[in-house]
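In: give me a 3D structure for the following:
(one chain, ligands or ions: 2)
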Amino acid sequence: MKSLLTFFLIVPCLMIPSVWAKPDKVDGENVPFGRLPQEIKNNRYPHTYFPGTEKLGGDEMRIVALGTGMPTQTPSNAAAAFLVELGNGDSFLFDLGTGSTERLSGLEADYSKLDKVFISHLHTDHLGDLAALWVSGWIGGRYKPLHVYGPSGRTKELGIANHVGHIRDAWVWDVSSRAGILPNAGGEIIAHEFDYSKTQVVYEKNGVEVISFPAIHIRDGSVSFRLNWNGLSFVFGGDSVPNKWFLKEAKNADVVVHECFFTPEQWMDIAGFPYKQAYWVTSMIHTPPQGFGKMMSMVKPRLAVAYHYWNHRDIEFEIFEGIRETYGGPLAMAADLTVINVKKDVIEVREVTVNHEAWAQGTSKEWDTAPRGEPATGLMSDWLNEGALEGMNPPPTQPLD
Ligand SMILES: [Zn+2]
Ligand SMILES: [Zn+2]
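Out: Ligands and ions are numbered 1, 2, ... in the order given. Okay, here's the model as predicted:
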């Protein structure tokens, strides 16, 4: 009997070591279990980027388009979101539109690093997955607060702080139910609201600065961003018509992302809008392909990146042709999971290949040992609790204290 008990208690532990659920630590970085990221030498990038297999150079920037589409996301186009990873170990999210967190799981991301989100404006296709990251990142490995940087609005109700406050209130059932089980600090979400009307540094740490500047998009309270680090620059345009602030701040940057919307005729065809409304949306609220091209001809980036349309081939070819009417420079038509590696001497544009059964890489030791309270009790009525059937589940196999 004793040996049988030993078999059931010990052998499963040997067969399924807990390390299987944990990332590996390679040169101080959490990477998916079983991967040994390789250094890219002489700029010889493989044709495809497989998550967790490449070591980011110390002077290199990696940008992944997580979502490149519209408020109505599709299987191939989540809404707007870009991930920027730097050789100093920092990660930044620019917008987090609806559906985009699914791409983070595909990347087998280290959620402990995904604690900074910069929001361009408060449309769902630019921050609809904020609550999803707040909670899923907390479960998936973040043991520190989630910091959300975003613009003010014309009134207090229209700013990011109010929005985040309401997210906190709206998800109280969810978040309070997890208290004590997960690290305390990971359950916090903190808004950093800044004046949308100013060009100013809104983040400065570890050699990285992020500058916000005004954008023109339906109402007061939209911005775009420029990230500077190590002599490299990334500009992220949220939704906007071409404007003077973008022209000034994006000038000569390395990688410049700007929205590139449908033409009015496409929007009539795709969405069934009458011409007047189609023109209003595509050209008065957004930037059509020819406007995107004109802007890039003036900005002259090392690489221009277009997004904010569906990547259906009929649509994309027309958008490409529209851009080429006004811009002949380096161009990437971003799809979800387009990856861009940036160094001083090379910019490499590829696609990520994800395992469709991938999930986040798992929690780290730091997450395991981060301070926790006790699991919440007393959240359920006695009569409800008493409805649980006895003897249904196997008893614990390890001490619970
Ligand atoms: Zn948008
Ligand atoms: Zn918008």
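
In: from here on, contacts and neighbour counts on C-alpha atoms
Out: Fine.

In: what secondary structure does the nearest residue in space to residue 116 that is not next to it in sequence sit in?
Out: Leaving out its chain neighbours, the residue that sits closest to residue 116 by Cα to Cα, 6 or more residues apart in numbering is residue 147, at 4.9 Å. When classified by DSSP: H, G, I helix; E, B strand; the rest coil, residue 147 comes out as strand.

In: what sits against residue 147?
Out: Contact partners of residue 147, counting by Cα atoms under 8 Å, 6 or more residues apart in numbering, are 115-117, 189-192.

In: next SSE after the strand or helix carrying residue 332?
Out: If you go by DSSP states H and E, residue 332 is part of strand 331-333. Downstream of strand 331-333, the next assigned helix or strand under DSSP H and E is strand 338-342.

In: listing partners with orientation, what would you give for that next one?
Out: Paired neighbours of strand 338-342 in the sheet (DSSP bridges): strand 61-67 (antiparallel), strand 347-352 (antiparallel).

In: contacts for the last one?
Out: So that's strand 347-352. Under Cα under 8 Å, 6+ apart, the answer for strand 347-352 is 45, 47-51, 303, 332, 337-342.

In: the longest one now?
Out: Strand 61-67 is touched from outside by 56, 77-87, 97, 99-101, 103-104, 232, 334-343, with contacts defined as Cα under 8 Å, 6+ apart.

In: does residue 149 touch residue 193 like I think?
Out: Yes - counting by Cα atoms under 8 Å, residue 149 touches residue 193, with 6.0 Å between them.

In: quick one on the thing from earlier: in strands, which of the contacts of residue 147 fall?
Out: 116-117, 189-192 (DSSP state E).

In: most neighbours among the residues you listed, please name it.
Out: In terms of neighbours by other Cα atoms under 10 Å, these top out with residue 117 at 24 neighbours.

In: quick check: pLDDT value at that residue.
Out: Residue 117 carries a pLDDT value of 98.

In: how close does it sit to residue 130?
Out: Using Cα to Cα, to the nearest Å, one obtains 9 Å as the distance from residue 117 to residue 130.

In: repeat that for residue 166.
Out: Look at residue 166 and residue 130: by Cα to Cα, they are 12 Å apart.

In: ok, these two, which is more surrounded?
Out: When neighbours are counted by other Cα under 10 Å, residue 130 comes out ahead of the other of residue 166 and residue 130, with 24 against 12.

In: for residue 330, see how far away that one is.
Out: Residue 130 is 32 Å from residue 330, where distance means Cα to Cα.

In: do the same with residue 193
Out: Using Cα to Cα, residue 193 is found at 34 Å from residue 330.

In: and what of residue 76?
Out: Between residue 76 and residue 330 the distance is 24 Å, computed by Cα to Cα.

In: start and end of stretch 85-105, how far apart?
Out: Distance across stretch 85-105, first residue to last, is 16 Å (Cα to Cα).

In: try stretch 387-400
Out: One end of stretch 387-400 sits 23 Å from the other (Cα to Cα).

In: so what's the gap between it and the chain middle?
Out: 38 Å (Cα atoms, centre = their mean, to the nearest Å).

In: likewise stretch 24-33?
Out: The answer for stretch 24-33 is 20 Å, by Cα atoms, centre = their mean.

In: what number of residues lie near residue 326?
Out: By other Cα under 10 Å, the residues close to residue 326 number 17.

In: which intervals of the stretch 151-300 of the chain have sub-threshold pLDDT?
Out: Along the stretch 151-300 of the chain, segments meeting pLDDT under 70 are nowhere present.

In: residue ranges of the strands in it, please?
Out: Counting by DSSP state E, counting those that start in this stretch, the stretch 151-300 of the chain has strands at residues 189-194, 200-205, 208-214, 223-229, 232-236, 255-259.
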